[in-house]
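[1] Predicted model and sequence below, questions to follow.
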Amino acid sequence: MVDSPPKGFLLPTTDSGTFGIHPSYIQLVERNLFRGVPGEDPCKHIEFFTEYCSTIPLATGVTQDRVKGVLFSFSLTDVREWLRDLDREASSVTYWNSLALAFYRRYFPPQHTNALRDQIMAFEQLPTNGA
């Protein structure tokens with residue numbers, strides 16, 4: 001029997017002490033699983049995940065961050081171990097934004113980062129017509 005959740009999974013608490021998510025919302029999130037395979041876009045995954053979570057009605061004392069924190073592991077498949085192994089306290093992962101940032105750092109392909117940086121560095125203003 002497990003007395004506590006794995007270190008990468010923080011159970012949220014509320015003022016009332018209870019927190020539950022209907023299984024249909026878990027199934028909704030599981031429709032868009034992130035596997036971590038080449039060519040898979042972590043930005044799109046977070047975008048869809050956030051969109052799904054925004055449809056969940058919130059109970060008193062429950063924030064969107066809490067909902068996202070609980071449901072995020074259900075949106076992962078082959079990379080779920082990364083989340084379990086993530087030491088959230090050491091990584092300052094206590095809120096949704098920091099969890100999403102840790103996810104981006106791990107799964108955003110370096111070549112994509114380099115391509116975006118190159119686009120920014122090569123930016124030049126085009127001439128305007130007639131002004």
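    Ah, there it is. The structure presented is a predicted model; accordingly, all values stated were derived computationally and were not measured.

[2] which residue is nearest the centroid of the protein?
    Residue closest to the average C-alpha location in the chain (Cα atoms, centre = their mean): Ala100, at 4.1 Å.

[3] Please give me every residue in contact with that one.
    The contact partners of Ala100, by Cβ atoms under 8 Å, 6 or more residues apart in numbering, come to Ile46. Every residue, glycine included, has its C-beta placed from N, CA and C.

[4] in which helix or strand would I find it?
    helix 96-107 (DSSP states H and E).

[5] which parts of that helix are buried?
    By 16 or more other Cβ atoms under 10 Å, the buried positions in helix 96-107 come out as Trp96, Leu99, Ala100, Ala102, Phe103, Tyr107.

[6] And for stretch 58-70?
    In stretch 58-70, counting by 16+ other Cβ under 10 Å, buried: Val62, Asp65, Arg66, Val67, Lys68, Gly69, Val70.

[7] Show the end-to-end separation of it, please.
    Using Cα to Cα, to the nearest Å, the end-to-end distance of stretch 58-70 comes to 13 Å.

[8] What's the mean pLDDT across that stretch?
    Averaging pLDDT along stretch 58-70 gives 84.

[9] mind checking pLDDT for the closest residue to Ser73 other than its chain neighbours?
    Excluding the flanking residues, the one nearest Ser73 by Cβ to Cβ, 6 or more residues apart in numbering is Leu83, at 5.4 Å. Note for Leu83: predicted pLDDT of 83.
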